[in-house]
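*Asks:* I need the structure of the sequence given here:
(one chain, ligands or ions: 1)
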Amino acid sequence: MSNKAQYISLVERLNQLSSAYYTQDMPLVADQEYDQLYQELVEIEQQQPQWIAPDSPSQRVGDKPLDGFQPVSHLKPMLSLNNAFSDEELADFYRRCSSLAAKDELELCCEYKLDGVALSLVYEHGLLVQGATRGDGTTGENITSNVRTIRNIPLKLLTNNPPARLEVRGEVIMPHTGFKAFNERAVRNNTKPFVNPRNAAAGSLRQLDPAITSERPLAFYAYSIGDISVGTDFTTHYEQLEFLSSLGLTVNSTTRICTSLQAAVDYYEQTDRERTLLAYDIDGIVYKVNDLALQQKIGFVARAPRWAVARKFPAQEAFTTLIDVEFQV
Ligand code: NAD
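*Replies:* Now for the predicted structure:
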């Protein structure tokens, strides 16, 4: 059992790590180490809820936006995801959702958890007017000029009847080939290579000069609608993904609907076996309750929806092999 001083120092340590990871794109430790410390924090907070600090990472998302960019207030908070590290924890998630939804069997939308950077895109009357990072979930950074340089993000939606306003959320990634080529060039030119594709995507998106971003091989995958002025007749999350795809946004074609917990576990295992063959990094599978009415019924906790969970894959690389490479911000 920890005492309160130990708890406070754990909060401070995690905040220091988060700031390096989110704000400076320069992780100080491996994600696994961060996740272990975070898990410790959650367990202490469950035992001693009266200790919970307002700046505890369990109470917030990400970290403060960088000063170099204009702040953007998100219409709806951009949240994080709760994690499941085992089949048992996934089963707990399924049981919890079934019980809150009062249904024995749930349809889950199963998506790759792309290991990149969250991005919000706002389209007005079909035209891209804003791109913003998640930031601390409430306030992000306006990176519109950089976002416009990402080739697979449509500047105009493919429809004659666009919604007055549409906010699309998704992930920006740097595929392996682009990452490898970029790092080889960096070494040849005696500049700093990136530590991994996620770090490369984050650093590339937050360049103050869009000309630099435009040279970086980035791609965007849409994974949800943040807000829409019309079209609220969707009944499932999957229908929303199909709608985004019809507008010319890239949606991952590997997304599956699973109608049982066993099918969801099988999808995870199959993807885990095959993921080294993918063209980009993924760090887990995101399971989302597909029915939008049930999502509403199941609701949210402080920093994440209760109707979704990220089942993480075991780490593939040890951080010690990565810290030999210098970081690029
Ligand atoms: P997260 O990155 O684990 O999960 C939430 C994010 O998943 C969303 O913001 C979204 O961008 C992304 N995502 C990818 N595919 C998605 C999909 N299909 N549907 C929905 N969302 C999808 O959560 P987080 O709160 O941003 O960060 C926690 C992670 O960051 C942990 O894995 C932790 O290890 C890592 N971290 C590491 C350090 C470090 O020092 N190494 C510090 C802080 C955080």
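*Asks:* Please name the bridge partners of the residue positioned nearest the centre of the chain.
*Replies:* By C-alpha atoms, centre = their mean, the chain has its centre lying nearest to residue 118, at 4.9 Å. For residue 118, the beta-bridge partners are residue 171 (DSSP bridges).
*Asks:* Report the helix or strand with the lowest average pLDDT across the protein.
*Replies:* The weakest-scoring helix or strand in the chain, judged by mean pLDDT, DSSP states H and E, is helix 319-322 (a mean of 44).
*Asks:* Identify the residue nearest residue 254 in space, chain neighbours excluded?
*Replies:* With C-beta to C-beta, 6 or more residues apart in numbering as the criterion, residue 254 has its nearest non-adjacent residue at 5.7 Å, and that residue is residue 112. C-beta coordinates here come from the backbone N, C-alpha and C atoms, glycine included.
*Asks:* my bad, residue 315
*Replies:* Of all residues not flanking residue 315 in the chain, residue 32 sits nearest, at 4.9 Å (C-beta to C-beta, 6+ apart).
*Asks:* Return the distance of that neighbour relative to residue 266.
*Replies:* To residue 266, residue 32 is 25 Å away according to C-beta to C-beta, to the nearest Å.
*Asks:* One more: residue 216?
*Replies:* For residue 216, the distance to residue 266 equals 36 Å [C-beta to C-beta].
*Asks:* Between the two, tell me which one has more neighbours.
*Replies:* Remark: of residue 216 and residue 266, residue 216 carries more neighbours, 21 against 14, as counted by other C-beta atoms under 10 Å.
*Asks:* Now do the SS call for the closest residue to residue 87 other than its chain neighbours.
*Replies:* Using C-beta to C-beta, 6+ apart and skipping the chain neighbours, the partner closest in space to residue 87 is residue 265 (5.8 Å). Of the three states, residue 265 takes helix under DSSP: H, G, I helix; E, B strand; the rest coil.
*Asks:* Then residue 185?
*Replies:* Three-state assignment for residue 185 (three-state DSSP): helix.
*Asks:* The nearest residue to residue 177 once chain neighbours are set aside: what's it in contact with?
*Replies:* Counting by C-beta to C-beta, 6+ apart, residue 177 lies nearest to residue 279, which is 6.9 Å off, once chain neighbours are set aside. Counting by C-beta atoms under 8 Å, 6 or more residues apart in numbering, residue 279 touches 175-177.
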